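J.: Here is a sequence together with a model predicted from it:
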Amino acid sequence: STSLLLLMLLSLAVTDASTGSTQQTKKPHLIYILADDFGYYDVSWRNPKASTPHMDALVADGIELMNYFTYRFCSPTRSSFLSGRLPLHVNTDNNPSSKPGGVDIRMSLISDKLKRLGYSTAVSGKWHGGGYLQGQLPHERSFDKSLVFLNGNEDHYTRYFSILDGYDMWEDMDNYYSDYGNNGTFSTFVYSKYAVDAIQSFDNTTGNSFFMYLPWQVTHAPYEVPNQYKNPKITDKNSKATYYGMASAMDEGILNVTTALKAKGMWSNTLIVFSADNGGEQNGPGNNYPLRGGKYTDFAGGTRNLAFASGGWIAPELRGTKNSQYIHICDMWATFASIAGDPNPTMDPVTEAWNSQHSTELVPVPDAMDVSDVFTKVNGTSPRNIVALSTKAIIVGKYKLVFEPAGKANFWAPPEWPAFDNNGSATPKALVGDACEPCLFDLDADPSEYVNLVNESSLGPVLMDLTNTLANISATNFSTGDSAYLGNYTNCTDLTSYKKSHRGFLGPLCYLGPPMPKPGGVVIQHTTPAGDTICLEPQSETQKSSVIASTKCSPGWTLKNTYNNGSFLYAGDLCLRPTPLEPENCRQGVDLIVGKCSNQCPGVQLSQNTTGTVQMRSTGCPGLCVALGSNLKISLQECTNSTTMGWLVKNTTDV
């Protein structure tokens, strides 16, 4: 947030302090930043109505990558980057974490490669690279630090993922239960802070280097952003002001990260690569002008995306340049490994070991090519001449073959799309494209894909060559989820059971050995005169359930500073509070329930003091504490009453 940024600028030196003579001889720090559904035209170095000044500065001081390709939507692009495979050799589905998908565990991730090369690693943001198996979680894939949501389009404030009707936030090997009650904390702030904290905690005095993957949630739907990022001169028709605000919030988050790198003395030895995961959603507020199409299409607007490299590691003679060599996002797997000193950057020892021991259920080897020359040499070249975008589109040299229906995102958006001026003008009319059955384009002469050359007789051999090449590559299509996909992760549960035992949160459904223990939270514990241990427990995880004393002691509680005085939450969003929910009922003898939180009588704040009480501190209930009465009855009593004494609050690891 703005306050976070100001605090950082005050507390961190923005100059790149020297950390000793070994800094320049160390392997470079590597940062990959991935924007979500970000339009080709939605940055201020192309569009003056956007506001991304910090990215603008990075581009001006780096290399703009003009032919950088991804898949046409989310999870396959992420799987491609992480695995070093073209999407059609790893994952072409957008499956949620309740289904197989993402990167197969028989493939090394980029984090595995770099970890073997001595890197410290971190990830913060949108994962969507597989979450059905415990072994697909970032912490199991060589990320030392990880704070992610596993799926695709959760709410930016509540972490709620409607497709699976659950809350999605994962830290290392645990559901991120401390995020309970964090409604109002915009996700970009959360991921930015975690990224900055990871940088600040990295020990830069050792010989190790640092790799961070920062896949932002913005600018993906739902279109939400704090009001301070909206430009009041732009109407919010079609969510355009909100969308531009999301881009501005991401831009500020990137500044927070670069500021932290400079303060840590890491900037001069850092390479940052930024890209979008696919084009902007032109049926929403995104704009890929002047390119054809958008997200969900194989046209340039969906697959040729914003990208640049920057950082102090970039040689001075390369700064402020553009490079038009072909790069696919999967190439960064081998390129980062090469820059980090891997003598075999395109090899995957995990896949090779599997394939050497099996005659069936073989796993595709990496497609990644080492394009490090692009980042190290003037007019650096790429070995990539063929870009297989999907089973329906391929680029060979300057020619592109694509099969794409009419309708949906098959159109060219004008610069002001959708309408967002305050002049009352109608939405500019888009130029609608015909169906491609197929289309053949000369990308050198026609990068925006207007002219279909499929009927040009002189290009018959070219058409045949591209058709055959596409067919041959498509025949090798592989998507995570074959019969050997589970490996040893065979102890599986169902989604409903997982959510019930994890307080509404989402997570992997298959584990090694026994299911993971219910993580997180605290218990409110008491020892009776007879020496028995009892705990505060609701009779069920439903609204208005009575709170009782029980020997069950499940770690279902979290304390959050919500409203003015704090609340003690159970199952994510149920407050421990009196019943009925009226201020006048905050009195002695009133029973306690778990129910809807309210700022009228905001529940019981956990406030264990030297006498072992759990005290009510809301405006209407001063001086009242949780009491253990006869027959293990729970109610509110004066805090001086002996029945309120003796409570202990313990983390699950202490119980």
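T.: Okay, I see it.
J.: Every contact and neighbour count from this point should use C-alpha atoms.
T.: OK.
J.: so where do the helices sit in the stretch 151-300 of the chain?
T.: 187-201, 240-263, 300-303 (DSSP state H, counting those that start in this stretch).
J.: With respect to burial, which of those scores highest?
T.: Comparing the helices of the stretch 151-300 of the chain by mean neighbour count (mean count of other Cα atoms under 10 Å), helix 300-303 comes out on top with a mean of 30.
J.: Following the chain onward from that one, which element is next?
T.: Downstream of helix 300-303, the next assigned helix or strand under DSSP states H and E is strand 307-310.
J.: State the paired neighbours of that following strand in the sheet, together with their directions.
T.: As defined by DSSP bridges, the strand partners of strand 307-310 come to strand 63-65 (antiparallel), strand 270-276 (antiparallel).
J.: The helices of the stretch 151-300 of the chain into TSV, with extra columns for mean pLDDT and distance to Val123?
T.: Output for the helices of the stretch 151-300 of the chain, formatted as TSV (pLDDT from 0 to 100; distance: least, Cα to Cα, whole Å):
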stretch	mean pLDDT	distance to Val123
helix 187-201	96	8
helix 240-263	97	13
helix 300-303	98	24
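J.: Tell me which of those helices approaches Gly320 most closely.
T.: Proximity to Gly320 (Cα to Cα) singles out helix 240-263 among the helices of the stretch 151-300 of the chain, at 17.9 Å.
J.: relative to helix 187-201, how tilted is the closest one?
T.: Per axes from the mean of the first three to the mean of the last three Cα atoms, to 10 degrees, the angle that helix 240-263 makes with helix 187-201 is 10 degrees.
J.: for helix 240-263, packing partners?
T.: helix 2-11, helix 53-60, helix 187-201 (3 or more Cα pairs under 8 Å, 6 or more residues apart in numbering; DSSP states H and E).
J.: would you turn the strands paired with strand 307-310 into TSV with mean pLDDT, mean neighbour count and distance to Ala627?
T.: Listed next are these as TSV, based on pLDDT from 0 to 100; neighbours: other Cα atoms under 10 Å; distance: least, Cα to Cα, whole Å:
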stretch	mean pLDDT	mean neighbour count	distance to Ala627
strand 63-65	98	24	65
strand 270-276	98	23	55
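J.: Format those as a markdown table; extra columns: distance to Gly629.
T.: Formatted as a markdown table, the strands paired with strand 307-310 follow (distance: least, Cα to Cα, whole Å):
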| stretch | distance to Gly629 |
| --- | --- |
| strand 63-65 | 70 |
| strand 270-276 | 60 |
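J.: do you know which of these lies nearest Val378?
T.: Of all the strands paired with strand 307-310, strand 63-65 comes closest under Cα to Cα, at 10.2 Å.
J.: Dump the helices of the stretch 151-300 of the chain into JSON lines; add distance to Gly433 as well.
T.: What follows is those, written out as JSON lines (distance: least, Cα to Cα, whole Å):
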{"stretch": "helix 187-201", "distance to Gly433": "35"}
{"stretch": "helix 240-263", "distance to Gly433": "23"}
{"stretch": "helix 300-303", "distance to Gly433": "13"}
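J.: residues contacting the most centrally placed residue in the chain?
T.: Central residue of the chain (Cα atoms, centre = their mean): Lys126, 1.0 Å from the mean position. With contact set as Cα atoms under 8 Å, 6 or more residues apart in numbering, Lys126 has these partners: 148-152, 215-217.
J.: Surely Leu86 touches Thr391?
T.: No: using Cα atoms under 8 Å, Leu86 makes no contact with Thr391, being 10.9 Å away.
J.: Tell me which of the two has more neighbours.
T.: Leu86 (30 against 20; other Cα atoms under 10 Å).
J.: And the pLDDT at the more buried one?
T.: The score at Leu86 is 98. That number is its pLDDT.
J.: now do Gly556
T.: 65.
J.: same check, this time on Ile524
T.: 73.
J.: next one: Ser635
T.: pLDDT recorded at Ser635 is 81.
J.: I'd like to know how far it sits from Ala549.
T.: Distance of Ser635 to Ala549, given as Cα to Cα, to the nearest Å: 10 Å.
J.: now do Cys439
T.: According to Cα to Cα, Cys439 and Ala549 sit 70 Å apart.
J.: Please apply the same query to Pro53.
T.: Taking Cα to Cα, one finds Pro53 at 57 Å from Ala549.
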